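Participant: take a look and give me a structure for this.
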Amino acid sequence: MIKDILTDSIGQALGSLGITAPVITLEHPADLAHGDYSCNVAMMVSKQVGKSPKELAENIKTEIEKNKPAEVEKVEVAGPGFINFYLSEKFFVDSLKEILEEREKYGSSDKLAKQKTIVEYTDPNPFKLFHIGHLMTNAVGETLARTQEFFGAEVKRANYQGDVGLHVAKTVADKVYRNDFTPWATVAEAGASYASASTLYKESEDFQKFTVEINKKLYDKSDSKINELYGAGKKLSLDDFERIYKRLGTKFDFYFFESDMAETGKKLVLEYKDKGIFEESDGAIVFKGEKVDPGLHTRVFVNSEGLPTYEAKELALSKTKHDKYKYDKSIVVTGNEVNAYFDVLLAAMKMIYPELAEKTFHFGHGMLRLPSGKMASRTGDVITAEWLIDESKKVILEKLNESDRKFDDKELLAEQIAVGAVKYSILKQAVGQNFIYDIETSVAFNGNSGPYLQYTYARTCSILEKAGGMKEAKLADAPGAVEKLLYRFPEVVERAATEYAPHYICTYLYELASAFNSFYNDKQIVSDEPESHYRVALTDTVGVVMKNGLTLLGIQTPEKM
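Facilitator: Here you go, the predicted structure:
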């Protein structure tokens, strides 16, 4: 990568001057007139050598020019001591050729080739609806998995689902309380049972006690009629989840369930209670996190009813996942409302499975909100993921129906755009940041939206179809904004992969799409002019990079829009 070449060149120049090189940072100037890369190392070390930053920058420049990389056209010192690098025309030509040769592999790397990674995400609970929180977890988790794969890691996707617990007990109790053992016909019916039971649970002490008894029976599987009702409800939920995963473009390798972790989790807590890690408190068994770190708090691992909590099951899950797949890294994606809980869990894990805790990385995404006064269609207090996608799809279908263009499958196209619009709106935010989802803005075919990027890719396909085989990666125009963005794709993806930050890819793709569309408006791409060959080749490279980037985001790339 060119960034590595420049970093090495700066390091060698510093060494020649007898300066111990600090961490060398290269940035892209906001104004392309100031070069392709800029470095502030002279300002960082000037005091160390007793020179002004500008004087030192000139010295470093002189050393760099003695062995100037072939990819560099010129080096300049600017402002108080910035060292700016201008890349050569040959570099830009070569980078275009590289894109056209590597195509779907462009930007990928084998840096993580020996790493085994398991990514756990989505985690919807049977007997509950697949809501917008699950949609966010799915979008973030799928992209983290794809970026790790793009850098050579072997990745397994895991889904951990809460098939036991109070929410399940409430849903089942709603029927059993009325002596109704007829299975639910739809997930909406099961959702209605949960909503009804949740209200009754707050109002009736008798129903609370009844639900607690149902919960115990679900754990020990002691009642055949309840087991049968439970099994039917669980299958109904899981089948529906699979339908939604297919819609979102996700396929899991492993499914883990809380019910399978309960016994092991409880045994672990009891075993390590005897070793002083857990302690009793008001009939429950707890981990006092504040004893380990003042920033942590106490969590219950076995409740006063003797049942293992989510925390205990998570301990068992970490070991179970490793037994199933000997991972080097375990990435867990959840909503950020459980960040504090997860910090306590990791502290307990470090005392029980220290080697697994070191391999575990938790990321809490932000919350998706809806604009006040809009989108009132809700199921109880839950906004389902599919409702959000379908509402977006309706608006897109209206736009497509208003167009005079003909589409082979308008319904499929609207689906691809709607899912892409929602995913992009989620992923363009920094992980952990809350945001408001506005349909009109998110499905717009211009501006910073998923459909705008998809439309840009479709535009490149249309141009290439019109041009036929006319393409040549030989500069006909001076390198412009498009060329000066294309070569950055590998470093953007690397940053997204190493920092677990998909929003870098989103920002980059939007900048590239904007630059290309400006180029499209300014230049005649397909024509009889000699420059046309190069411009078509440039269009091809933009299409390659747009598709690679959107694929990493889990967004489909229709060729006609």
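Participant: which residues of the stretch 451-561 of the chain score low on pLDDT?
Facilitator: Applying pLDDT under 70 to the stretch 451-561 of the chain flags residues 470-471, 473, 475-476.
Participant: would you map the helices across it?
Facilitator: For the stretch 451-561 of the chain, the helices defined by DSSP state H, counting those that start in this stretch cover 483-486, 489-498, 503-522, 531-552.
Participant: also the stretch 251-400 of the chain?
Facilitator: Using DSSP H, counting those that start in this stretch, the helices of the stretch 251-400 of the chain run over 258-273, 310-324, 339-352, 354-358, 385-402.
Participant: ok now the last one, how far from the chain's centre?
Facilitator: In other words, helix 385-402. 23 Å (C-alpha atoms, centre = their mean, to the nearest Å).
Participant: just the CA trace of stretch 23-34, in CSV.
Facilitator: C-alpha atoms of stretch 23-34 as CSV (Å, rounded to 0.1, in the frame of the first residue of the first chain):
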residue,chain,number,x,y,z
VAL,A,23,4.4,7.0,15.4
ILE,A,24,4.2,8.5,11.9
THR,A,25,0.8,9.7,10.9
LEU,A,26,-0.3,10.4,7.3
GLU,A,27,-3.5,12.2,6.4
HIS,A,28,-5.2,13.2,3.2
PRO,A,29,-5.4,17.0,2.9
ALA,A,30,-9.0,18.2,2.7
ASP,A,31,-7.9,20.3,-0.3
LEU,A,32,-6.5,18.2,-3.1
ALA,A,33,-4.4,21.1,-4.2
HIS,A,34,-2.3,20.5,-1.0
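Participant: which positions within that stretch qualify as buried?
Facilitator: Going by neighbour count (16 or more other C-beta atoms under 10 Å), the buried part of stretch 23-34 is 24, 26, 28, 34. Placement of C-beta: from N, CA and C, glycine included.
Participant: what of stretch 401-410?
Facilitator: Residues of stretch 401-410 classed as buried by neighbour count (16+ other C-beta under 10 Å): none.
Participant: what's the answer for stretch 97-104, then?
Facilitator: Within stretch 97-104, the residues that qualify as buried are 98-100, counting by 16+ other C-beta under 10 Å.
Participant: output that stretch as PDB, restricted to C-alpha atoms.
Facilitator: Extracted C-alpha coordinates of stretch 97-104, given in PDB (Å, rounded to 0.1, in the frame of the first residue of the first chain):
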ATOM      1  CA  LYS A  97      -4.900  -1.100 -13.700                       C
ATOM      2  CA  GLU A  98      -4.600  -2.800 -10.300                       C
ATOM      3  CA  ILE A  99      -8.400  -2.200  -9.700                       C
ATOM      4  CA  LEU A 100      -9.300  -3.600 -13.200                       C
ATOM      5  CA  GLU A 101      -7.100  -6.600 -12.700                       C
ATOM      6  CA  GLU A 102      -8.100  -7.500  -9.100                       C
ATOM      7  CA  ARG A 103     -11.800  -6.400  -9.400                       C
ATOM      8  CA  GLU A 104     -13.800  -8.100  -6.500                       C
END
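Participant: my read: Ala496 touches Thr507, true?
Facilitator: No: taking contacts as C-beta atoms under 8 Å, Ala496 lies outside contact range of Thr507: 9.8 Å.
Participant: Gln48: neighbour count?
Facilitator: 11 (other C-beta atoms under 10 Å).
Participant: do you know how far the residue nearest to Lys393 when sequence neighbours are not counted is from Gly15?
Facilitator: Distance criterion C-beta to C-beta, 6 or more residues apart in numbering; nearest residue to Lys393, sequence neighbours excluded, is Ala418 at 3.8 Å. Separation of Ala418 from Gly15 (C-beta to C-beta, to the nearest Å): 55 Å.
Participant: who are the neighbours in contact with the nearest residue to Glu511 once chain neighbours are set aside?
Facilitator: Residue nearest to Glu511 in three dimensions, not counting chain neighbours: Leu485, with 6.0 Å by C-beta to C-beta, 6+ apart. Shown in contact with Leu485 (C-beta atoms under 8 Å, 6 or more residues apart in numbering): 508, 511-512, 515.
Participant: 6 Å - rerun?
Facilitator: Neighbour list for Leu485: 511-512, 515 [criterion: C-beta atoms under 6 Å, 6 or more residues apart in numbering].
Participant: please indicate which of these has the highest neighbour count?
Facilitator: Leu512 (23 neighbours).
Participant: contact partners of stretch 425-432?
Facilitator: Contacting residues not belonging to stretch 425-432 are listed as 136, 139, 336, 363-366, 435, 437, 442, 502-503, 506, 553 [C-beta under 6 Å, 6+ apart].
Participant: quick revisit: please say which of Ala418 and Gly15 ends up with more neighbours.
Facilitator: Ala418 (26 against 12).
Participant: from Val395, how far out is Leu413?
Facilitator: Counting by C-beta to C-beta, the separation of Leu413 from Val395 is 14 Å.
Participant: also Glu242?
Facilitator: For Glu242, the distance to Val395 - C-beta to C-beta - is 27 Å.
Participant: give me the three-state assignment for the residue nearest to Leu166 when sequence neighbours are not counted.
Facilitator: Excluding its sequence neighbours, the residue lying closest to Leu166 (C-beta to C-beta, 6+ apart) is Asn215, at 6.4 Å. Classification of Asn215 using DSSP: H, G, I helix; E, B strand; the rest coil returns helix.
Participant: if we can go back for a sec, drop anything exposed from the contacts of stretch 425-432.
Facilitator: Counted by 16+ other C-beta under 10 Å, these give 136, 139, 336, 363-366, 437, 442, 502-503, 506, 553 as buried.
Participant: check what pLDDT Ser372 gets.
Facilitator: With respect to pLDDT, Ser372 scores 66.
Participant: correction: the previous question concerned Pro183.
Facilitator: The model's pLDDT for Pro183 equals 96.
Participant: ok, it - how many residues close by?
Facilitator: Counted with other C-beta under 10 Å, Pro183 comes out at 16.
Participant: need the phi and psi values for it.
Facilitator: When quoted as degrees, to the nearest 10, the phi and psi of Pro183 stand at phi -60, psi 150.
Participant: that one reaches Ala232, doesn't it?
Facilitator: Yes: using C-beta atoms under 6 Å, Pro183 is in contact with Ala232, at 3.7 Å.
Participant: where does Gln148 land in three-state SS?
Facilitator: helix.
Participant: so who does it touch?
Facilitator: If you count contacts by C-beta under 6 Å, 6+ apart, then Gln148 has 117, 155 around it.
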